[in-house]
Every structure is written in structure tokens, then in C-alpha cells.
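*Asks:* Structure for the following, please:
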Amino acid sequence: MITFCRKSFIKNVFNGQIRCKSANSVSLSYNKITGCVTTSNDSLPPVLIFHGLFGTKNNWKSISKAISSKTGRTVYSLDLRNHGSSPHTSGTDSTLIGMANDIELFLDDNHYKTATLIGHSLGGRTVLQFAYLWPERVEKLIAVDISPLPTIPQQFFTKTTFIDELSKSIENISNDLNMSSARKQVDDRLKPLITDAFIRGFFLMSLHKNEESEKLFWKFNLNSIKHMLENEYINKIEIKIPFNGPSLLVHGQQSDYVKKDDYNAIRELMPNVQIVSIPETGHYLHIEKPNHFIDCVISFMKLS
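*Replies:* As a prediction, the model looks like this:
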């Protein structure tokens, strides 16, 4: 008997099993890094890396290169839907299951049976959701400063009022300004909202100008992201059984996203997880201590 999943779906056959794939899946934009001639090994599954909320694939360029160089694997860093150069979707389609379906579409379109998945924050929630839906397609799973637990700390950038202020920050800026001057004006407007210069720079990476109208725009889809936050879609991972595959959860020691008190509950949902805490780091541990982070990832990937 075939069971059909949610809304409108198309059949997908994988390893003799009939799967349900959303007709609303989108093809994700990505950067691709291949190992050098001496280290490249196309027989190994690729590594897919997914950024966090308001991020882009370009945030992971240097780490992608390092992982590819050290493992010989092809590494893709991808824009989640409603981010970067990936397609925009409606707010109601901005769910973790929808984003997980995008990963399945990417694997199918590129003829990969499995992959090692790395995800930070929202990207981590997405790869976790994928692992619970399609565990047989996950070689190894790496969650970065995020867990499958439904409790996620409230941050200033997850408040819907922040989304509104972000929209206002690019209003009434002259189209005659060059991009550098326009970015400086937006940066000044964001200072009361985002006091940390590093975090402001992180957001400004997604600020662009329309080539025809010369108007500023954010590359992320603010309306859909606002809907996603209002409806707490990020909190809702569908879990029917634990993910028993090899997994690593690496988190910042000073971050609120993963606490030692959470470890036992996390292990109930990920029985084979290794948990690593990187000292003196917060939510952006991969940027604060990139070498330490890369060493953790590589050591885990090399385990048989």
C-alpha cells in the first residue's frame, strides 16, 4: 500500500522503496569545492554544508575548502530556501520538512545515494529533520550548536519585530549611492538594533542592489522568514524514531543553544552521538575558533 504525504506529492523510488517527495521542493543554489588531484576521491559520498538563519553559502567557503583538502571529498555549501541565491517560497512552505525535502531533491538531482551532512543553527535543524526522515541517506551527521530538542533560546534576531526593523533599514536610501556608501548607511541604521559589528557584517553580506532599479534589497525572504518564526516552524522537528547513525554535535561552551543538562535528552534522540564542547566560544564557534572546529569535524569524519 502506498501512503501519500501531505499536500501534493510525486513518487520517488530509492533502493526499491517508494518515497514521498514534495512537489514544492526547490533546487538549492550552491558552491562546489573538489579535492585537489592528489587527494580527490569521487567514490566517497560528498559533504553538504548548510548555514544558519540569515546566513548564506558563502559564510562557509574557507571551511568547505579545508574539509575538501583534508578529506579529498567534494564539498557543497548550499543556500537554504529563502536565503542567498536559492528560490523563495511562501511562508507556509518555510518548514523544516520543506527544507529537508530540498536536500533530498539535491541528492537525487546529483545522483548521490548518501552524504555527510553538516548544519549550523537553522541549517542544523534542517539536516536533523532530514536524518529523521531519510536516515539511510545520511552517511554521517554533524549538528553545529543546535540539537533536536524543541527548546531553542529566544534571540534578538528571532523576534518578528526585528524582521520589521530589518525591512525599514533599507527604506529611503538614495539609489544614486554606490554600494559601499549605501551599505555604510544601512550599517549605521542597524547599530542600535545590532550592537555587535561582526553580527552586523554577517547580515550586510546579504544586502544587494537591483541591477535595473538600483534599489537595495535583502537577499533573504523576510516575509517567509517572519512567518516561519511566528509559527515556530524551527521548533518543530518531526521525529518518529531516534536517529541511530553516526553523529556529532559540536557546540560552543558559552552558547545558550546546547547545555550540558541537555545531553541525556539529546542522546535519547541520537543514541550514537558524540558531543563536543569547544571552550570559550558561543553560537558562532566555527568562526570564533575555525581550526578547532575543523579538527573536530575531520576527526569525526575519519572514524570508521
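*Asks:* Look at the nearest residue to Val138 once chain neighbours are set aside and tell me its secondary structure.
*Replies:* Leaving out its chain neighbours, the residue that sits closest to Val138 by C-beta to C-beta, 6 or more residues apart in numbering is Ala131, at 4.8 Å. C-betas here are computed from N, CA, C, even on glycine. At Ala131, secondary structure determined by DSSP: H, G, I helix; E, B strand; the rest coil is helix.
*Asks:* gap between Ala131 and Phe300?
*Replies:* Here Ala131 is placed at a distance of 15 Å from Phe300 (C-beta to C-beta, to the nearest Å).
*Asks:* any chance you could map the helices in the chain?
*Replies:* Shown for the chain, the helices assigned by DSSP state H span residues 61-71, 96-109, 122-133, 160-168, 179-190, 197-204, 222-230, 263-269, 285-288, 290-302.
*Asks:* Please name whichever of the ones you listed is nearest to Ser25.
*Replies:* With C-beta to C-beta as the criterion, Ser25 lies closest to helix 96-109 of the helices of the chain, at 4.2 Å.
*Asks:* Please work out which of the helices of the chain is packed deepest.
*Replies:* Stretch with highest mean neighbour count among the helices of the chain: helix 122-133 (a mean of 26; mean count of other C-beta atoms under 10 Å).
*Asks:* ok and it relative to helix 96-109, angle-wise?
*Replies:* Relative orientation of helix 122-133 and helix 96-109, computed by axes from the mean of the first three to the mean of the last three C-alpha atoms, to 10 degrees: 80 degrees.
*Asks:* could you give me the average pLDDT of helix 122-133?
*Replies:* Mean per-residue pLDDT for helix 122-133: 98.
*Asks:* Which strands and helices lie in contact with it?
*Replies:* strand 47-50, helix 96-109, strand 115-120, strand 138-144 (3 or more C-beta pairs under 8 Å, 6 or more residues apart in numbering; DSSP states H and E).
*Asks:* Extract the CA atoms of the first one and return them as CSV.
*Replies:* Yep, that's strand 47-50 we're talking about. Provided in CSV are the C-alpha atoms of strand 47-50 (Å, rounded to 0.1, in the frame of the first residue of the first chain):
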residue,chain,number,x,y,z
VAL,A,47,29.8,16.7,2.2
LEU,A,48,26.8,19.1,2.3
ILE,A,49,27.0,22.2,4.5
PHE,A,50,24.0,24.3,5.4
